Structure formats: structure tokens, C-alpha cells
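1. Sequence first, then the predicted structure:
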Amino acid sequence: NAGVTQTPKFQVLKTGQSMTLQCAQDMNHEYMSWYRQDPGMGLRLIHYSVGAGITDQGEVPNGYNVSRSTTEDFPLRLLSAAPSQTSVYFCASSMTGRRENIQYFGAGTRLSVL
Amino acid sequence: AQSVTQLGSHVSVSEGALVLLRCNYSSSVPPYLFWYVQYPNQGLQLLLKYTSAATLVKGINGFEAEFKKSETSFHLTKPSAHMSDAAEYFCAVSIRSGGGADGLTFGKGTHLIIQP
């Protein structure tokens, strides 16, 4: 009963490095999304996907890329990390993009960019 | 555009006392509202949701929330606080604009502290 799995749990990067945050769900959910959580800011939507091959931008998309080649996976890519991207990142999924659907969250990835 | 305001970044109550966490929203369309709880170093877990079926919504762990349209509020309450309730609580609103899926708009969170 895995739900939403995020890897890695922790990561330290140097400015300019690239990396991919992995997210996988085993609930056959159509909708997946990425949020970042910063102190005193709540969670803010970065990108989302309503199905394989379909992605769109959220509130704070700059500096991040996503793709959705399968229903299960929704990786988040940082092409050139910046200190402003130090944050906790959460992946979430729901059955569909309908607003009444519950979103299920992973345990998060803590990223520090030096 | 929708927004959520949580009054009080920190709330401290004694064990056994009433818990009241405040949430006000703004939305141009009827909202769907959620409360999530985050325990230290964990992801978010749904406490309860309002989807227009009933204004008083009961959730897990003894929490409930009442939707008041006239006050644009969705405050979270629990009659008697337990030490295990210490966590961060987030109110969130979901609307749908156009044909797309907007995700959730979150408040900034309220850290609940339980005093023994």
C-alpha cells in the first residue's frame, strides 16, 4: 500500500547543478502535481498533469520542468539549481483533476541549494 | 482568483481545551474546502473536506469544521485537545476555472501547540 512515493528524501546541491526529483504513485490516478513548501508560505503549486502526456504550469513554475510519460510517474527537473529553490517539495496525486477529489501527498523531498 | 487566509501562525492550547483554528477564503465560485494536517517531517494528510453536501463536516481524529458562506469561513474545531494533535494545519481551497485543473490553493498554515 505505497501510495505516493518520493525520492530522494534529502538532497544537497551546489548552485548550477541539475537534478530530478522522482515521484511515483500506484493508485492509477490521472492527476499529479508538484508543490513547494517554504516557511510561512504554505504550499504553492509548481506544475501539474491531468494525464500521461499532458502537463501545465502552476503558480510558481520558473526554474522547473516536468514530463509525464506514464500514468505512474511525474518527475520534477531542476535544470540549474539556485539557492531560491531551497525548499521542501511535495508530490501529490488524485483520481482526476476534479476539484472535489482528495489529493494524496508523498512524504516530501528536502532540497538545499548552496 | 481564490485565496485562503489562516488567522494565527501559531495557536497554543492546553490539553483538554477547545481547539479552534480559523480559515477564511475568497472565491468567485462556490468553493470546495479542505483541511490537511502535517506532522513533523511528514507529508500532508487529509482531515476533512467540504463539497457542498453539508455545512458541518466531520473528519478524522475528532475534528470538525463548519462552512459559513455569509462569513466566507471554514474554521476547524475539536472539543478536547490531545498532545498528539500537535502539528501544522493547512486550510486549502479548490476551484475550477475554464477547463483546467487548478490544484489546491493553501493558506500559510497554523502551528498548533498543545500545553500539558
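-> That came through, no problem.
2. can we go C-alpha only for contacts and neighbour counts from here?
-> Fine.
3. Verify the stated contact: B:E88 with B:G109.
-> Yes - under the criterion of CA atoms under 8 Å, B:E88 makes contact with B:G109 at 6.3 Å.
4. What segments of chain A are strands?
-> Ranges of strands within chain A are A:4-7, A:10-13, A:19-25, A:31-38, A:42-51, A:54-57, A:64-66, A:76-78, A:87-94, A:104-105, A:109-113, based on DSSP state E.
5. Serialize these to CSV and add fields for mean neighbour count, mean pLDDT and distance to B:S28.
-> Formatted as CSV, those follow (neighbours: other CA atoms under 10 Å in any protein chain shown; pLDDT from 0 to 100; distance: least, CA to CA, whole Å):
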stretch, mean neighbour count, mean pLDDT, distance to B:S28
strand A:4-7, 20, 95, 32
strand A:10-13, 13, 96, 39
strand A:19-25, 20, 97, 32
strand A:31-38, 24, 93, 23
strand A:42-51, 24, 91, 20
strand A:54-57, 17, 92, 21
strand A:64-66, 19, 97, 29
strand A:76-78, 19, 97, 31
strand A:87-94, 26, 95, 24
strand A:104-105, 23, 92, 26
strand A:109-113, 20, 96, 34
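6. Between B:E88 and B:G109, which is the more surrounded one?
-> B:G109 (28 against 19; other CA atoms under 10 Å in any protein chain shown).
7. beta partners for the closest residue to that one other than its chain neighbours?
-> Closest residue to B:G109 apart from its sequence neighbours, by CA to CA, 6 or more residues apart in numbering or on different chains: B:F90 at 4.6 Å. Bridge pairing for B:F90 (DSSP bridges) gives the partners B:Y36.
8. Please name the residues that touch B:F90.
-> Residues near B:F90 by CA atoms under 8 Å, 6 or more residues apart in numbering or on different chains: A:42, B:35-38, B:106-110.
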